[in-house]
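1. got a predicted structure here, sequence first:
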12 protein chains.
Amino acid sequence: MEISIINGPNLNLLGKREKPIYGETSFGDYLEKLNVEFPNIRFTYFQSNVEGEIINKLHEIGFSGDGIILNAGGYTHTSVAIADAVRSIETPVVEVHVSNIFASEGFRHISLVAPAASGSIIGFGLDSYRLAILSFL
Amino acid sequence: MEISIINGPNLNLLGKREKPIYGETSFGDYLEKLNVEFPNIRFTYFQSNVEGEIINKLHEIGFSGDGIILNAGGYTHTSVAIADAVRSIETPVVEVHVSNIFASEGFRHISLVAPAASGSIIGFGLDSYRLAILSFL
Amino acid sequence: MEISIINGPNLNLLGKREKPIYGETSFGDYLEKLNVEFPNIRFTYFQSNVEGEIINKLHEIGFSGDGIILNAGGYTHTSVAIADAVRSIETPVVEVHVSNIFASEGFRHISLVAPAASGSIIGFGLDSYRLAILSFL
Amino acid sequence: MEISIINGPNLNLLGKREKPIYGETSFGDYLEKLNVEFPNIRFTYFQSNVEGEIINKLHEIGFSGDGIILNAGGYTHTSVAIADAVRSIETPVVEVHVSNIFASEGFRHISLVAPAASGSIIGFGLDSYRLAILSFL
Amino acid sequence: MEISIINGPNLNLLGKREKPIYGETSFGDYLEKLNVEFPNIRFTYFQSNVEGEIINKLHEIGFSGDGIILNAGGYTHTSVAIADAVRSIETPVVEVHVSNIFASEGFRHISLVAPAASGSIIGFGLDSYRLAILSFL
Amino acid sequence: MEISIINGPNLNLLGKREKPIYGETSFGDYLEKLNVEFPNIRFTYFQSNVEGEIINKLHEIGFSGDGIILNAGGYTHTSVAIADAVRSIETPVVEVHVSNIFASEGFRHISLVAPAASGSIIGFGLDSYRLAILSFL
Amino acid sequence: MEISIINGPNLNLLGKREKPIYGETSFGDYLEKLNVEFPNIRFTYFQSNVEGEIINKLHEIGFSGDGIILNAGGYTHTSVAIADAVRSIETPVVEVHVSNIFASEGFRHISLVAPAASGSIIGFGLDSYRLAILSFL
Amino acid sequence: MEISIINGPNLNLLGKREKPIYGETSFGDYLEKLNVEFPNIRFTYFQSNVEGEIINKLHEIGFSGDGIILNAGGYTHTSVAIADAVRSIETPVVEVHVSNIFASEGFRHISLVAPAASGSIIGFGLDSYRLAILSFL
Amino acid sequence: MEISIINGPNLNLLGKREKPIYGETSFGDYLEKLNVEFPNIRFTYFQSNVEGEIINKLHEIGFSGDGIILNAGGYTHTSVAIADAVRSIETPVVEVHVSNIFASEGFRHISLVAPAASGSIIGFGLDSYRLAILSFL
Amino acid sequence: MEISIINGPNLNLLGKREKPIYGETSFGDYLEKLNVEFPNIRFTYFQSNVEGEIINKLHEIGFSGDGIILNAGGYTHTSVAIADAVRSIETPVVEVHVSNIFASEGFRHISLVAPAASGSIIGFGLDSYRLAILSFL
Amino acid sequence: MEISIINGPNLNLLGKREKPIYGETSFGDYLEKLNVEFPNIRFTYFQSNVEGEIINKLHEIGFSGDGIILNAGGYTHTSVAIADAVRSIETPVVEVHVSNIFASEGFRHISLVAPAASGSIIGFGLDSYRLAILSFL
Amino acid sequence: MEISIINGPNLNLLGKREKPIYGETSFGDYLEKLNVEFPNIRFTYFQSNVEGEIINKLHEIGFSGDGIILNAGGYTHTSVAIADAVRSIETPVVEVHVSNIFASEGFRHISLVAPAASGSIIGFGLDSYRLAILSFL
């Protein structure tokens, strides 16, 4: 089974940035744990701060594989283009967020990606990714 | 382990109501499957169409047990009182929705419950409940 | 022929409450007149101030009978849950209002029930109910 | 008894226009049925696509007769001037709509005519006119 | 000196319509008084309930004469087209209103005509017209 | 003298819920203090988490007694129906709030009950109830 | 081939009105040029300042011919009725505007006609009409 | 006859400030002209940049004299307190503006004073004051 | 005990202004009654129509005494500066209003002062002041 | 003659993505047809999913050549930066859209690019590009 | 060189008010430091809590001197009149704020003064004033 | 001392683009002047039109150096992701703008970057950068 994880802007700083909100684990460490927990899944990981590169990656992997997990970071709230990319591809996309975006500033309450995704998992810390993986099983 | 599931208005009609959106399985049948899949969890199930009875139940179970899964149905978008109840209790509450509320009518895009919940799982059909259970494991 | 009339909050006070707006006839007296005027129709009458009980009643009668007349009172403007119940059942529902909600305070100009109903009759005093009955004939 | 029916813009195309929404009966055919059903009522019929001619007609018939049935079509949502004309005359005016305007696009949810009318009947197809007539009986 | 007065919809009912707001004098009687008070001014008077005829008249008289007094009635709040006509012509246009539109319903607080007019006189009853005439002297 | 106190949703948890905001005294203990402080007043106390039961109680006591003190909790901001009930009865109703709703989240800044109440007392902790009682003396 | 051009309010003043925005050519002169440039197309031209006459014309020509070019002028931003007429007919309608409405005042940014048209051509001066013709070839 | 003129903030700079909008005449010079043109009227003149002093003056002169002409300047758009003062007094108040506030920035389109005034005269330059005086004759 | 009462704009006209809303008692007479009713309290009274003088007074008395009662009148709805002054001082400030601001025009529904005050008492007529005093006891 | 075509995000998937809306032709195939139809025009083609690369390209080609055709895709509705780039360059830019953005979701009704472009052509399928080319001839 | 500093409401309490936000230095102490740091500049200092006195001062000094530094405090967000005064004078005005108004409550995000000022310096604590001085050098 | 300057989209065209607004100096020339004026500061300069590259650069330099000066250009008003990057790093960031964004189009009045920055300097032309440098001294 093949699952791709795409992380958007600033998520490369996980474990380093605003720790009280986002925790102290880096995504690299977390990914290793996922590999251990799900030995039968081949994970692809991609992170970019560039909106268009996220779209490129969605196009590249969006017509094969079993699932995509997308945390679009700050682009969640502003990117019609990423949401359109999700709509344009065939592989199902699950949206995840580490923090509870609904309990954050008002401009984080709206996700442009959500209506295009097949489902959303929000607010469980890094565990949101594990739950998204489980949604494909 | 003890997990309570609380379903709000019209969810008693699952399997009977608007099948193209909500599917053909009744919640009773689905609950049996959960019992089989999670033999070590003791599930409590409660459904009510009355906003205040949902609050009563949250108060009753909200200071014990390991987790509460709440699908507040139509009250999701209108009930400050249920959200306050979630804030008032101690057991963690995970919000679930069967359909993708962000792809529905505009008034369903806002969840008053979400900022009070510890996490939200939205749009996976009945599978949203299974993922919510897994979030407590 | 079977027609159910469901009245929402505060309509039990008809004839007693704000008479200049709502008139001096109680709904009980009016119902007797309807029984006389429509001897071939079997009327069921239900009134509740509890949102969820109105939903319960809609579920109970919503898969049989010939028509439902619903005056959701103040819940008209705030209840996604009642509107969802109307969408969930099969018996056609006609919305009625005694007063002209469009000539009242701004928050009464929007009916959440209306888009779910098969039709709306607004502003004819108690005569709105008679017209709703005639809509089923 | 004298009742006038005034139809606004595009209603001359009834039976010809967007049939899935508005049905296949022309208003001329429907009017004949009304004449048969209500032999004691003298109906006047007027249709115009010109906002100001509808106002002229309201002025002309608005100080005599027993009732006016007004379907202002698209002007319902934009015409302060027609609503003012309804306020300016003495014959009671009942607003009707063929389709459920509350289940249509957002700009059709607001009727400027409604607060000026004595009542509104919405969403019963052509039957809305029959119910409006019955409201005067 | 030549001054044209253009009255919009429902103003033909002045003296007959909603007397507590608009007074009991008809515009015809009032015009006679103006003729007496301003013997050196040649008045042209035009009233129409048709938005486009008001535009036609503005085009016809808008490139000659000394001034135009325009009470666009209900079109004041909805007609981009009349405002564009005022912008398109050369004769200065003064906007008048009989009642205080700012103390009326919210939708009457905005005048689309006002930004196109050279000035506005509002709320003096029929005397608004006299003041508009004096503004040209 | 007879004064009724009605508390809405989650107020049964006073002294137990979010103590930094709502304090540590339960309402039962507070009520005893009121009985001591006002020996000549007969207090009736009612608490419910069900919107419609609050309406039922308002109807039941709303045509006798000397005053009603209503803290509608979360329904304050969403219930047209409770506000209508307050409008429908004859006994004067004073609105109270323990915390300063105007310093809370934006959706708590609007009280639908306030325009229907004879007065509002907001933000004095439990002392708001004592002041409401004093308003009837 | 038959193409109809319909111009709305104030467009009869083209070449005369606000020349810096709309240019110095009258529409009559421009139409002659179109006749020369497209000798195989039979053009019908209609201009009216009356909203309802534009609707009448759309009805008249809307079930025959090869295409309609509509510049609804100021009615673009306010006329639900014209948009409904475009929806009601069968001949394809292309919307044109001489100036860039999106660079004008805010109320000109919304076109009610656009969602009903098969396409829109905006901001090319009179050349917008030529492009609209070419869209039918 | 006694008429008071009250000018609000920055109007002391008339003739000095933003001349293309407000002209080159100082109010002192203009007042002399008014004294010549209306020899039978006793004018009182007051200017202040302090909102509360304008209120003080309105209180002082608001229960005697024949009329007050108020140009509240920038306070027009922000002062509930001045509007309340106008409502509190007995002498009729006419609102004037030198420039066309409706053709200025959006925040100048709303006058809080207007609904409290007996009439408004807007956009005639300094001539607005002369017309206001004539409104009292 | 020392309590200061600060009244804002137009409250000097109490008993004289809009009597159906604000009653017929002047504040001077009312203050005498308070002196009699609360002989152990030393009252300071200050009224000003000038926003900045209210701020000056708050600064002057805001670091001593036992309590401040503030009715900011029309500034309630517009003054960030007064609200900031309340936040800047140490003596607790209770906001009062004579009339029910929530049942008045829409712009009176928002109090900028309320979130800065320790509590608000609204709608009890002059009795609001007595209740505010009692809140300090 | 030199014309550049710039396509924004997801337009590389034309012919592959959401075919009922965007058709089955790839842009490559379409471009060949344009080369045949316009042998005297040298076309440059650029597509990118990266907002900033579109800006880079606009800068690169924006001071030479005869025209730029820009379909900014999803960035149309969100990119102030691309609109600023259009404003910053000298070559005229025509905006095109394949689908009728005004008949799509609400967030697609606003184009930030449109006010900066010299004209817009919307809703003609791929034919929008041909019409844009013709606008430069 | 002559520079005037004008401070608005509550800034007289600097060093005393809400120290965690505004710091512990009084403005008097800070001014002394500025005198030392800029010995060649003659500073004038003015503070008032009265909106109109700030306007008076702006008028008084606004046609001479080299620059004005204005911190309008709470009036920043509500005073059209002060912004008009800034527009009316000739000396350049630089707006300063001690705290980051964009990170404060929503109503502090809009500055009415900013569009009238020649520049704004926001959020550097008292150092904002020093930077404003440097902007004139 | 090390200070980095980051310029966002279209700022590479400074001196070339819309000169009446942005001036005729290129940023390269300006940077040389800064090097002369501040010989003890080591400046790093980075410009990109790509949102994500600006984020990359902020991450790269955001955990060392003495200060960052950020002019996010058009991304100022739309980029949650850049604002998040500013929040994620440790080096203080000062926001600058060449033109007065508050005097520009409405969509430029809101800066998403401002609440994340330590301060903002707006509207001083290129001098804004010099003042930002001085803020670090």
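-> In hand now; what should we look at?
2. neighbours around the residue of chain A found nearest chain E, how many?
-> Closest residue of chain A to chain E, Cβ to the nearest Cβ: A:Gly106 (25.9 Å). For the C-beta atoms, the positions are set from N, CA and C on the backbone; glycine is no exception. A:Gly106 has 8 neighbouring residues, counting by other Cβ atoms under 10 Å in any protein chain shown.
3. next one: A:Val36
-> 8.
4. can you pull the contacts of the closest residue to A:Phe102 other than its chain neighbours?
-> Closest residue to A:Phe102 apart from its sequence neighbours, by Cβ to Cβ, 6 or more residues apart in numbering or on different chains: B:Ala114 at 3.7 Å. Listed by Cβ atoms under 8 Å, 6 or more residues apart in numbering or on different chains, the contact partners of B:Ala114 are A:Asn100, A:Phe102, A:Ala103, A:Ile122, A:Gly123, B:Glu95, B:Ser120.
5. need phi/psi at the fifth one.
-> In other words, A:Gly123. Per-residue torsions, A:Gly123: phi 100, psi 10 (degrees, to the nearest 10).
6. check what pLDDT A:Gly23 gets.
-> Predicted confidence (pLDDT) at A:Gly23: the value is 81.
7. name the nearest residue to it, ignoring sequence neighbours.
-> In space, A:Gly23 is closest to A:Gly125, 5.7 Å off (Cβ to Cβ, 6+ apart).
8. who's in contact with the one you found?
-> A:Gly23, A:Val98, A:Ser99.
9. so which of those residues wins on neighbours?
-> A:Val98 (22 neighbours).
10. circling back to that earlier point, the contacts of B:Ala114, buried ones only, as a PyMOL selection?
-> Selection of buried members from the contacts of B:Ala114 for PyMOL, criterion 16 or more other Cβ atoms under 10 Å in any protein chain shown:
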select buried, (chain A and resi 100+102+122+123) or (chain B and resi 95+120)
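11. dump the contacts of B:Ala114 into CSV; add secondary structure and pLDDT as well.
-> Listed next are the contacts of B:Ala114 as CSV, based on DSSP: H, G, I helix; E, B strand; the rest coil; pLDDT from 0 to 100:
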residue, secondary structure, pLDDT
A:Asn100, coil, 96
A:Phe102, helix, 95
A:Ala103, helix, 93
A:Ile122, strand, 98
A:Gly123, coil, 97
B:Glu95, strand, 98
B:Ser120, strand, 98
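12. farthest pair in the contacts of B:Ala114?
-> By the measure Cβ to Cβ, A:Ala103 and B:Glu95 form the most distant pair in those, at 11.7 Å.
13. is the worst-scoring helix or strand of chain A on mean pLDDT anywhere near chain L?
-> Least confident helix or strand, chain A: helix A:19-22 with a mean of 78, by mean pLDDT, DSSP states H and E. No. Contact of helix A:19-22 with chain L (Cβ under 8 Å from any Cβ of the partner chain) is absent, the minimum separation being 9.1 Å.
14. buried set for that helix?
-> Buried residues in helix A:19-22 (16+ other Cβ under 10 Å): A:Tyr22.
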